[in-house]
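Colleague: sharing a model prediction with you, sequence too.
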Amino acid sequence: MSNYSNERKSYSLILIIVLLVIAIIAAAFGGYSWWALKHAKSGSAGTSQQKVIPAPVFMSLEPFTVNLIDDEEHLDRVLYIGITLRLHNEDTRKRLHDYLPEVRSRLLLLLSRQQANKLATDNGKLQLMTDVKETLRPTLVPGESEQILSDVLFTTFILR
């Protein structure tokens, strides 16, 4: 009987040691997780204060309706297009707004030179975006710098 009781005591002792080691590891992991979470929150709060994302500056233009001539079919085609400009800053928006008749005139001349069969493709639309940027880049005010357009967005595009 003494063999059985010694074996049972050593098994109980090993079980207690294993459970104690598991408890210590779990407590250490929990403490580290709590510390890392607390440290991450305080670190991200400092980062968000330093990194300020400026609000985008958009300028919507009234839609344009332009007649296009398709050389292949000799049919009159109509382009109805709404354009929104994404601008670099508020000063550029104010300048474009102040010179809106000239902006619209430049765009009407550009749009009236387009070919309907090219505008029907994605590449034609992307090229038109680039052309709009290039058309509006030159200064409107003598002595001022060029306008910086971040992007040209088509809000309406109907080709008939």
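Modeller: Structure received.
Colleague: mind listing the strands for the protein?
Modeller: Residue ranges of the strands in the chain, as given by DSSP state E, are 57-60, 64-70, 75-87, 149-159.
Colleague: most tightly surrounded among these?
Modeller: Greatest average neighbour count among the strands of the chain goes to strand 75-87 (a mean of 16), per mean count of other C-beta atoms under 10 Å. Placement of C-beta: from N, CA and C, glycine included.
Colleague: rewinding a little: who wins for proximity to residue 99 among the strands of the chain?
Modeller: Taking C-beta to C-beta, strand 57-60 is the member of the strands of the chain nearest to residue 99, at 11.8 Å.
Colleague: so what touches that closest one?
Modeller: With C-beta atoms under 8 Å, 6 or more residues apart in numbering as the test, strand 57-60 has contacts from 82-90, 92-93, 96-97, 153, 155.
Colleague: got it, and stretch 115-126?
Modeller: By C-beta under 8 Å, 6+ apart, stretch 115-126 touches 68-72, 77, 79, 114, 127-128, 154, 157, 159.
Colleague: quick check: end-to-end length of it?
Modeller: With C-alpha to C-alpha, to the nearest Å as the measure, the ends of stretch 115-126 fall 14 Å from one another.
Colleague: can I get the contacts of stretch 115-126 in TSV with distance to residue 60?
Modeller: Output for the contacts of stretch 115-126, formatted as TSV (distance: C-beta to C-beta, whole Å):
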residue	distance to residue 60
68	23
69	28
70	29
71	32
72	34
77	25
79	18
114	21
127	22
128	17
154	12
157	14
159	20
